[in-house]
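[1] Just the structure for this:
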Amino acid sequence: MENKHLHFNTSIGVKKPENIRNKDQACPFCFREQLTDLIAVDGPIILLKNKYPVLENAYQTVLIETDDCHAELSTYTKAHLHKLIRFGIKHWLDMEETGEYQSVIFFKNHGPLSGGTLAHPHMQIIGLHDIDYKEKVSQEMFEGMVIDESTEARFTLSTKPRVGFYEFNIEMGDSSYQELFSEYLQTAVHYILNHFPFKATSYNVFFHHIDRKIYAKVVPRFVTTPLYIGYGLPQVPNNLEWMASEVKRIYFS
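    Residues are numbered from 1 along each chain as shown. The predicted structure follows:
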């Protein structure tokens, strides 16, 4: 029988440090000399095996984005932004190409409502041995109102969001890294944290590799609507055109 659920090991889960809410908890990523099981290092960027592999039948890695615990993706210099996203995409696609996994997921949590536990900027790359995440992906979830585009990359606001309300999509071909892809990603995150019509402190970034394209879906996080939790019904707000034009006005005019 095909497995459709990830299995979470609670005995490992209870040991994970948490400092997004508990500010007294020391940050393990700040003690770089004590980090173990390093896979790759590029200056302040480190990829290592996850010390708390809570998902069963999966290979879990953590990508520490910077040595600055108080930094955040929206404030990175362009040089660091490109180094980071290029590094992350390379190791994600390299893991895919090993053929050892049904699929490999690459994502980022930020803020108390994102599902993350540590405040230090990081992402995760996880190889799933028996689940193909792409079976749950439809092309329409990347459709949207164009905010900006070029031959290198495209930036849209979803008209058929996966979970509901506001989801930003960035896309590029998978043949080569395009700097505009990361700059659109940074713009989406900056807008969410600084100009969103409701106070937003949390977001997720989900990367997808579908049909020779790489997508980043950037989702501001609030309490999830009960209509989606209970019935899987996404809601589409009636002010998408306004938000798309606001992002254009602030960043591209």
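
[2] Quick check: which ranges of the protein have low pLDDT?
    Applying pLDDT under 70 to the chain flags residues 1-2, 21, 23.

[3] Select the longest helix from it.
    Longest helix in the chain, counting residues (DSSP state H): helix 78-97.

[4] by contact count, what packs against that one?
    Applying 3 or more C-beta pairs under 8 Å, 6 or more residues apart in numbering; DSSP states H and E, one finds that helix 78-97 contacts strand 38-42, strand 45-49, strand 58-64, strand 103-110, strand 122-128, helix 179-194, strand 203-210. All C-beta spots, glycine's among them, are computed from the backbone N, C-alpha and C.

[5] Apply 6 Å and report the result again.
    The contact analysis (3 or more C-beta pairs under 6 Å, 6 or more residues apart in numbering; DSSP states H and E) places helix 78-97 against strand 45-49, strand 103-110, strand 122-128, helix 179-194.

[6] how about it: buried residues?
    The neighbour-count check on helix 78-97 (16 or more other C-beta atoms under 10 Å) flags 80-89, 91-93, 95-96 as buried.

[7] And for stretch 54-68?
    Neighbour count says stretch 54-68 has 54, 55, 58, 59, 60, 61, 62, 63, 64, 65, 66 buried, by 16+ other C-beta under 10 Å.

[8] which residues does the spatially most central residue of the chain bridge with?
    Nearest to the mean C-alpha position of the chain, by C-alpha atoms, centre = their mean, lies residue 205 at 2.3 Å. With DSSP bridges as the criterion, residue 205 is bridged to residue 108, residue 218.

[9] and the gap between it and residue 241?
    Distance, residue 205 to residue 241, using C-beta to C-beta, to the nearest Å: 24 Å.

[10] try residue 43
    42 Å.

[11] what's the burial count for residue 237?
    Other residues near residue 237 come to 11 when the count uses other C-beta atoms under 10 Å.
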